[in-house]
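1. Sequence and predicted structure, then a few things I'm wondering about:
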Amino acid sequence: MLILSLETSCDETSVAVVRGGREVLSNVIASQIAKHTETGGVVPEVAAREHITAMIPVLRQALAEAGVDWSAVDAIAVTKEPGLIGSLVVGRVTAAALAFALDKPLIEVNHIHGHMYSTWLLGEDLTEPLPEYPILVLTVSGGHNELVLLSGPGQFTLLAETVDDAAGEAFDKVARLLGLGYPGGPIIEKRAKLGNAKAVPFPIGLPRENNFSFSGLKTAVLYYLQENEDKMADEAFINDTAASFQSAATEALVLKLMRALETHKVKEVHLTGGVSANSFLRQRIEMELAKLDEAPLFRHPKRMSYCTDNAAMIAAAATFMRG
C-alpha cells in the first residue's frame with residue numbers, strides 16, 4: 001500500500017509518501033523554527049498561518065521526490081490529535097479534501113501513535129525485519145512523555161505519562177534560562193558535551209508510581225541560576241549547568257524505563273519522539289539494557305528526521321495499527 005500522509009500538529013508542515021508502512025519514498029518537512037525563534041517558542045496563530053502557506057509547496061515536493069503521481073496513491077493519512085488546534089485543522093482539511101477529490105480512504109492517526117511507529121520506518125537497509133511484539137515504547141518529546149506497552153497492532157497499555165512538563169519542554173525552558181535560544185534540545189546536548197554532568201546535584205524527578213515529572217527539575221535550575229547570576233557570562237558555568245540538567249532529566253527517564261522492564265517481559269524497547277535524537281539518552285539506555293541477562297532489542301528512529309514531528313511516522317502508524 002502506498003500512503004500519502006500529512007502531519008501538522010505543531011510547527012512542522014510535513015508530507016510523506018511511504019510504501020508498505022516502512023519504505024519512505026519522500027518525507028518533506030517545512031520547519032518554522034526561524035519564525036518561532038523570534039518569540040522563544042511556538043505561537044499557535046503564527047504556526048497555523050505558516051502551515052497554510054507551506055502546505056501546497058510541500059505536497060508537490062513530496063510527490064516529486066517520491067516519483068509518483070496522484071493515481072499511485074492508495075490512501076491518505078493525517079494527524080488527528082493531539083496538537084495545536086489551528087495547525088491540526090490545516091492538515092485535516094487538506095487531507096479530507098484530497099481523499100474526497102481522489103476517492104481514496106482517509107485514515108486519521110493519533111500523533112503519539114505516530115511517534116510510537118517511527119521506529120518501524122526503514123533507513124538504508126530495506127530488508128530489516130519487522131519489530132516483534134510485545135514492545136515497550138518510551139516516547140519523549142516537547143509535549144509528551146509516555147511509557148507504553150505495545151502488545152499487538154493498535155493494542156496500547158499506558159504505563160506512565162508526565163504529570164506536568166514533558167522532558168522536551170523542560171529542555172526548551174532550561175535552554176531559555178541559560179540564554180541558549182530555541183529549540184533547546186540540540187543546544188543543551190551540544191553544550192553538555194563540554195561540561196561536567198556531576199557539577200550540580202540537580203534532583204531527579206521521580207514522582208510516586210510510574211509517572212514522569214520535570215517541573216521540579218526545571219524549577220531547581222531556575223533557583224540555581226538566580227543564586228549564581230554573577231556567573232552567567234562564564235561559558236564553563238553554562239556548560240556544567242547544561243550537562244548536569246541533561247544528566248538529571250535522562251536519569252529520570254532511564255530509571256522509569258528500567259523499572260517497567262522489571263514487571264513487563266518484552267522482546268524490544270523503542271525510544272521515540274524528538275528527544276530520542278539525544279545521543280546521551282540513547283547511550284544511557286543502551287548501557288542499562290546491556291546489564292540485563294536477556295536484554296530486549298533496542299531500537300530508535302533510523303534517521304534524525306524521524307525523531308521530530310514528521311509525516312512518514314503517520315503513514316507507518318496508519319499501516320501497522322490495523323494489523
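-> Happy to help now that I have it.
2. residues near the nearest residue to M304 once chain neighbours are set aside, how many?
-> Among residues not flanking M304 along the chain, A277 sits closest, at 5.5 Å (C-beta to C-beta, 6 or more residues apart in numbering). Placement of C-beta: from N, CA and C, glycine included. As a burial measure, A277 scores 21 neighbours (other C-beta atoms under 10 Å).
3. do the same with K265
-> What K265 shows, counting by other C-beta under 10 Å, is a neighbour count of 10.
4. same deal with L271?
-> 26.
5. For the closest residue to it other than its chain neighbours, give me the pLDDT.
-> Excluding its sequence neighbours, the residue lying closest to L271 (C-beta to C-beta, 6+ apart) is H300, at 4.4 Å. Here the pLDDT value assigned to H300 is 96.
6. quick one, phi/psi of H300?
-> phi -140, psi 170 (degrees, to the nearest 10).
7. any idea how far E23 is from it?
-> 19 Å (C-beta to C-beta, to the nearest Å).
8. per-residue confidence for K218?
-> pLDDT, read off for K218, is 94.
9. List the contacts of it.
-> 165, 170, 173-174 (C-beta atoms under 8 Å, 6 or more residues apart in numbering).
10. would CSV of the residues you listed with secondary structure and distance to V17 be doable?
-> What follows is the contacts of K218, written out as CSV (DSSP: H, G, I helix; E, B strand; the rest coil; distance: C-beta to C-beta, whole Å):
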residue, secondary structure, distance to V17
D165, coil, 35
A170, helix, 35
K173, helix, 36
V174, helix, 37
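11. Just give me the least confident of these.
-> Comparing the contacts of K218 by pLDDT, D165 comes last, at 86.
12. Pull out the buried residues from stretch 87-96.
-> For stretch 87-96, a neighbour-count test (16 or more other C-beta atoms under 10 Å) marks 87-88, 90-92, 94-95 as buried.
13. right, and R22 touches L122 too?
-> Yes - at 4.8 Å, R22 counts as touching L122 under the criterion of C-beta atoms under 8 Å.
14. Can you list the neighbours in contact with stretch 270-282?
-> 115-116, 118-119, 131, 135-142, 144, 150, 167-168, 171, 185-186, 189, 192, 246-247, 250, 253-254, 285, 298-301, 304, 307-309.
15. In strands only, show me the residues you listed.
-> The members of those that map onto strands under DSSP state E are 135-140, 150, 298-299.
16. Which other helices and strands does the top helix by length along the chain contact?
-> Ranked by residue count and defined by DSSP state H, the top helix of the chain is helix 235-263. In this structure, helix 235-263 packs against strand 135-140, strand 145-152, strand 155-161, helix 167-177, helix 184-192, helix 215-227, helix 279-289, with contacts taken as 3 or more C-beta pairs under 8 Å, 6 or more residues apart in numbering; DSSP states H and E.
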